[in-house]
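J.: sequence first, then the predicted structure:
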Amino acid sequence: MEIGIRSFFLALLCTVISFSLFSQQREQQDAEQSVIEPSVERRDINEANIDSENFEFGMLVGVISIEDFSSSMVVGVRAAYHINEDFFVEATYGQAEAGETSFEVLSGGAPFLTDEERDYRYYNVSLGYNLNGETFFTDRWVFNSATYLTLGAGSTKFGGDERFTVTLGAGYRLLLTDFFALHLNVKNHLFNSELIGEEKTTHNIEYGLGATFFF
């Protein structure tokens, strides 16, 4: 009799233990199935990197407002050497043909300058600093870009005279491929002139669009 009771309680204990283990295993499986697995959709983007070469060369075209002589079309060339990711040195050359002063237009009198003296030519060398970034056109089209500032000096030939010139500039470069870039820029060419009176510092603002190649 005593042996039968012991057997009964032993069987009952085994049953309880088995049920407990089964319940724990079931809870663990349910917990694992309830974990939310993140689904990250990766997207391919087109991002051009600057070529390994540091030289840049290209053309520019725009409009220059020659103080006292209206605005004219300007064309030129640009060459640059990128010292590192942040700094570069550039050299530019441009030419335009000055228009008439307001006095010449209103009076109809003799012109201040001959046709040859109206030729406006400049060259300068500048140090530039890049503020690098990216431009997003769509989710898949991403381009490296940079806003840059320049400070330089050079010479301007105008009105039969040649003047030392300081240039202050700012621009935006969009790298379409690893070797081709578009530029938008504005520059102020400052030099002293006394063509229409007393000598003064003139501000000649240039707005340009350029295309350059890295090589």
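T.: Yep, it's here.
J.: nearest the middle, which residue of this structure would you pick?
T.: By CA atoms, centre = their mean, the chain has its centre lying nearest to residue 146, at 2.1 Å.
J.: ramachandran coordinates for it?
T.: Reported as degrees, to the nearest 10, the phi and psi values for residue 146 are phi -160, psi 140.
J.: going forward can the numbers begin at 50, since that is how I track them
T.: Let's use 50 as the start, then, which means that last one is residue 195.
J.: can you pull the pLDDT of residue 118?
T.: As predicted, residue 118 sits at a pLDDT of 89.
J.: does it touch residue 153 like I think?
T.: No - using CB atoms under 8 Å, residue 118 makes no contact with residue 153, being 9.1 Å away. Just so you know, the C-beta spots here come from the backbone N, C-alpha and C atoms, and that holds for glycine as well.
J.: the more surrounded of the two?
T.: residue 118 (27 against 17; other CB atoms under 10 Å).
J.: contacting residues around that one?
T.: The neighbours of residue 118, taking CB atoms under 8 Å, 6 or more residues apart in numbering as the test, are 147-150, 167.
J.: CSV please, covering the residues you listed and showing distance to residue 177, pLDDT and secondary structure.
T.: Output for the contacts of residue 118, formatted as CSV (distance: CB to CB, whole Å; pLDDT from 0 to 100; DSSP: H, G, I helix; E, B strand; the rest coil):
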residue, distance to residue 177, pLDDT, secondary structure
147, 27, 93, coil
148, 30, 87, coil
149, 35, 82, coil
150, 34, 81, coil
167, 30, 93, coil
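J.: tell me which of those is nearest to residue 219?
T.: residue 147 (24.1 Å; CB to CB).
J.: isn't the closest one up against residue 122?
T.: No - using CB under 8 Å, residue 147 is not in contact with residue 122, being 11.1 Å away.
J.: between the two, which has more neighbouring residues?
T.: In terms of neighbours (other CB under 10 Å), residue 147 is the more surrounded of residue 147 and residue 122; the figures are 23 against 11.
J.: okay, now residue 264: neighbour count?
T.: Per other CB under 10 Å, the neighbour tally for residue 264 reads 10.
J.: show me what contacts it?
T.: The contact partners of residue 264, by CB under 8 Å, 6+ apart, come to 100, 102, 104-106, 228.
J.: got a pLDDT number for it?
T.: Reading off the model, residue 264 has pLDDT 89.
J.: with residue 87 instead?
T.: pLDDT recorded at residue 87 is 54.
J.: ok, now residue 59?
T.: pLDDT for residue 59: 49.
J.: for stretch 168-187, buried residues please.
T.: The neighbour-count check on stretch 168-187 (16 or more other CB atoms under 10 Å) flags 168-169, 171-173, 175, 177, 179 as buried.
J.: domain assignment for this protein?
T.: Domain assignment for the chain by automatic domain parsing gives 50-77, 104-263.
J.: out of the contacts of residue 264, what pair is the most spread apart?
T.: Largest separation among the contacts of residue 264 by CB to CB: 100 and 106, giving 12.4 Å.
J.: so between the two, which is more surrounded?
T.: Each of residue 100 and residue 106 has its neighbours counted (other CB under 10 Å); residue 100 has more, 16 against 12.
J.: quick check: which of the domains of the chain is buried the most?
T.: For the domains of the chain, the largest average neighbour count (mean count of other CB atoms under 10 Å) is found in domain 104-263, namely a mean of 16.
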